[in-house]
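S.K.: just coords:
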């Protein structure tokens, strides 16, 4: 049985959010650049973008599963979604310039990030003594 660690759960959840955003960026950015410049994207470029998208989605799945080993889903999912929002905001608006940041987007993202940061303090604690097999065997059919 894996010892639970909120730090590892959080780190893997944040990396999962980053991989998910990068998976969309590798497809969206070349397409956007092709539309701006008027130069059609080559088949090879599209295939590479789709391949990178697939690899990043697979990596996000691996890091998501790793995160669930080290902590509860009630920490994993909000942390991953908060990380996705922050990385979307940073990458699409500040780095690539594809989106405009307005006050509502910034405030909304910061409120969600603050709630995700506070979640481990007020949310569930580690549950090291639980055995999933015993829990499943104790469930009675309706």
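M.R.: Alright, I've got the coordinates. Note that the structure is predicted; figures quoted are calculated from it, not measured.

S.K.: Next, the buried residues of stretch 85-95.
M.R.: Across stretch 85-95, burial judged by 16 or more other C-beta atoms under 10 Å covers 85-89, 91-93. (Each C-beta comes from the backbone N, C-alpha and C, glycine too.)

S.K.: Quick one: mean pLDDT for it?
M.R.: Here stretch 85-95 scores 88 as its mean pLDDT.

S.K.: quick revisit: now, the buried residues of stretch 85-95 that are in helices?
M.R.: Using DSSP state H, the subset of those located in helices is 85-88.

S.K.: which of the buried residues of stretch 85-95 lies closest to residue 102?
M.R.: Relative to residue 102, the closest of the buried residues of stretch 85-95 is residue 93; by C-beta to C-beta it sits at 9.7 Å.

S.K.: and that closest one, what is it in contact with?
M.R.: Contact partners of residue 93, counting by C-beta atoms under 8 Å, 6 or more residues apart in numbering, are 99-101.

S.K.: so where's this structure shaky on pLDDT?
M.R.: 1-2, 124-132, 135-136, 142 (pLDDT under 70).

S.K.: can you point me to the longest helix in it?
M.R.: Under DSSP H, the chain gives helix 6-37 as its longest helix.

S.K.: nearest residue to residue 25 other than its sequence neighbours?
M.R.: With C-beta to C-beta, 6 or more residues apart in numbering as the criterion, residue 25 has its nearest non-adjacent residue at 5.9 Å, and that residue is residue 91.

S.K.: Let me know whether the one you found touches residue 21 as I believe.
M.R.: Yes - under the criterion of C-beta atoms under 8 Å, residue 91 makes contact with residue 21 at 5.9 Å.

S.K.: Ignoring the adjacent residues along the chain, who's closest to the spatially most central residue of the chain?
M.R.: With the centre of the chain defined as its mean C-alpha position, the nearest residue by C-alpha atoms, centre = their mean is residue 17, 1.7 Å away. Counting by C-beta to C-beta, 6+ apart, residue 83 is the residue found nearest to residue 17 once chain neighbours are left out, at 2.9 Å.
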